[in-house]
Structure formats: structure tokens, C-alpha cells
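Student: Need a 3D model of the sequence below.
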Amino acid sequence: MGLVKGDYYRAENWFAPHFPGDKGYHGILEVVREDGRIRMVEFNEINNPTYYIKRYQGVSKRLSDYGFLQATKERTAKSGVVLVNGLTHLEAQMVAENRLTGEFDLLTGASNSIKRSMLPLAQEIAERLETPSGQRYYGYAEQVEPGVTGRLQVVLESGKIVSLSYDEIFADRQEDIPDPELKPYYRQSKYHSPDYISTIGAGFNSIFDLLVQQVVRTQSLTDLTGLPFTEEPKRAKEWDNYLTLARKVEAALRSDGVCG
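Tutor: All right, here's what the predicted structure looks like:
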């Protein structure tokens, strides 16, 4: 929660294919480091595009309802650990101990995702950590409504915004989400939930994909000119949630003398 900033490092791979010609699963590791300290470690995995359940093909394992499916499997029932448990446990150790390599406490039943993707990617990034990445990360997260956390992430290179993402993430527990219509989406996000029904009048993901294109083009985090559902009477509340965080990131950029 709050502001995270620093040099940005990213590595990714494809792993565990099921048959010849299958790409496998897509692992992505992001690390943010500032003043010699690791400030953020985050691993995300996009499910295999040939996954046997069509609903989960190419879906984020971490921010969709995939964890609930995983929890029904015999192996998971025995260990009591789903993917996200293992990831957050390892990420927290890396940040607390300020290292990406070495021995870590892996939860029982640590998945292929950790052993075949996260740890090898961590080794790759560790070898680059002492060299400036050439990219800067600014992330901001805060509660935007009860039970919902907004998260804005911006990456800059040579003072220019090269990537951006905005999402709204539901609380881990249904009882922390007072809106009964939103309770079913706990432990998921608006962008990645396969079932989320947007109140915008278009998909949350499609609207914020348009925002990304505009920000990269205009280099303004707060200029919504021409974007859909920004005008009354159909203005989406998500735009105001986003702007609250965007203004805070802009203030941090100005304070650091970063253009964008």
C-alpha cells in the first residue's frame, strides 16, 4: 500500500509445456530496488494458452478465480497451499532479507511455478541488480472504496512513460466487501476476473487498455480527453478512483524531477 518507487527490473519465461509445440505457462517476475534495498518483488503467471479448461486459457493465475479451482485438486487439498500462498510467502522473504537468491523457506507443495519460473527468473535479475536498469517504477495503491484497493503502476524510461497498468483488487475475505454484488469477486481483480460484470457499460479491462494507449501517447496520467464514459451522466466512478492515484503518482514524479 502507498508509494513504491525505484529502479525497475523485469524477467520472464515460458515453462512446463505439455506437448511438442505447446508454449507452456508464462512467468513474469518484477523487482523494484531503491537505495540498495529491494522494495518490491512480484511474480505473476499467465496460464497456458492450451489449458484444458477453456475458461482459464491465458488467464492470470494470481488475480482470477483460478485459485479456487486449484483448491479443489487433490494435491492442493493435501498441502493446503494454493499458488498465491507460496508466491507471497517467498516474495515477503526476498524483500525482508534484501536478496533474490540463496535458500528460502518454501511452503509445502511449492509449485512448478516457483521452482521452474520464479526462482530462475530471480537468479537472472540478481545478476543485473548492480547495473542500473534504465527504467524507473512508480506504483501507488490505496483503498478506493470499502473492500476494493486501486493499484496504479507506471514504468518510465529516459523520462518517458513506457508502460502503465491500473486495476482494482477485491479484498481477500468476503466479509471485508460490504457491497453484496461485489462479494463473489473476493481475491480477484476487476481486470483479471473472468466473471466480473462491469458497471461501466464496457469491460473494465477494455476501458483501461484504452487509457494505457492514451497515456503512452500523450505522456499525461490525468488527461482523459476522448476516453469513453468520462462524461456525465455515464461517467464511470473508476475514472475518479484512477485519477486519485494518478495525481499522487504525478506529484511523486514532479518531486523527483521526472518528466512524464
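
Student: isn't Glu157 right up against Gln135?
Tutor: Yes: counting by Cβ atoms under 8 Å, Glu157 sits close enough to Gln135 to count as a contact (4.9 Å). C-beta here means a position set from N, CA and C on the backbone, and glycine is covered the same way.

Student: which residues does the residue positioned nearest the centre of the chain contact?
Tutor: Closest to where the C-alpha atoms of the chain average out (Cα atoms, centre = their mean) is Asn44, at 6.8 Å. Contacts for Asn44 were tallied using Cβ atoms under 8 Å, 6 or more residues apart in numbering; they are 27-28, 30, 60-63.

Student: where does this protein have low pLDDT?
Tutor: The chain contains residues with pLDDT under 70 at 71-82, 108-110, 259-260.

Student: More neighbours: Glu157 and Gln135, which one.
Tutor: Between Glu157 and Gln135, counting by other Cβ atoms under 10 Å, Gln135 is the more crowded of the two (16 against 13).

Student: How about the contacts made by the more buried one?
Tutor: Gln135 neighbours (Cβ under 8 Å, 6+ apart): 7-9, 155-157, 162.

Student: filter those residues to the buried ones?
Tutor: Buried positions within these, assessed by neighbour count (16 or more other Cβ atoms under 10 Å), are 7-9, 155-156.

Student: still on that earlier bit, take the contacts of Gln135 and write them to CSV, including secondary structure and distance to Ile125.
Tutor: Compiled in CSV, the contacts of Gln135 are given as follows (DSSP: H, G, I helix; E, B strand; the rest coil; distance: Cβ to Cβ, whole Å):
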residue, secondary structure, distance to Ile125
Asp7, strand, 11
Tyr8, strand, 10
Tyr9, strand, 5
Val155, strand, 15
Leu156, strand, 19
Glu157, strand, 17
Val162, strand, 18
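
Student: Now flag whichever of the residues you listed is closest to Asn241.
Tutor: Val155 (20.7 Å; Cβ to Cβ).

Student: gap between that closest one and Val212?
Tutor: Going from Val155 to Val212 by Cβ to Cβ, to the nearest Å gives 11 Å.

Student: Please enumerate the shared neighbours of those two.
Tutor: Common neighbours of Val155 and Val212 (Cβ under 8 Å, 6+ apart) are 163-164.

Student: re the thing from before, show me which pair in the buried ones among the contacts of Gln135 is furthest apart.
Tutor: Top of the distance list for these (Cβ to Cβ): Tyr9 and Leu156, 13.9 Å.

Student: Can you show me the helices along the stretch 51-200 of the chain?
Tutor: Using DSSP state H, counting those that start in this stretch, the helices found in the stretch 51-200 of the chain span residues 66-70, 74-79, 83-97, 112-113, 119-126.

Student: And the ones you listed: which comes nearest Arg247?
Tutor: Comparing these by Cβ to Cβ, helix 83-97 comes nearest, at 26.9 Å.

Student: just to revisit the earlier point, TSV for the helices of the stretch 51-200 of the chain, including mean neighbour count and distance to Leu243?
Tutor: Output for the helices of the stretch 51-200 of the chain, formatted as TSV (neighbours: other Cβ atoms under 10 Å; distance: least, Cβ to Cβ, whole Å):
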stretch	mean neighbour count	distance to Leu243
helix 66-70	17	31
helix 74-79	12	40
helix 83-97	17	29
helix 112-113	18	35
helix 119-126	18	32
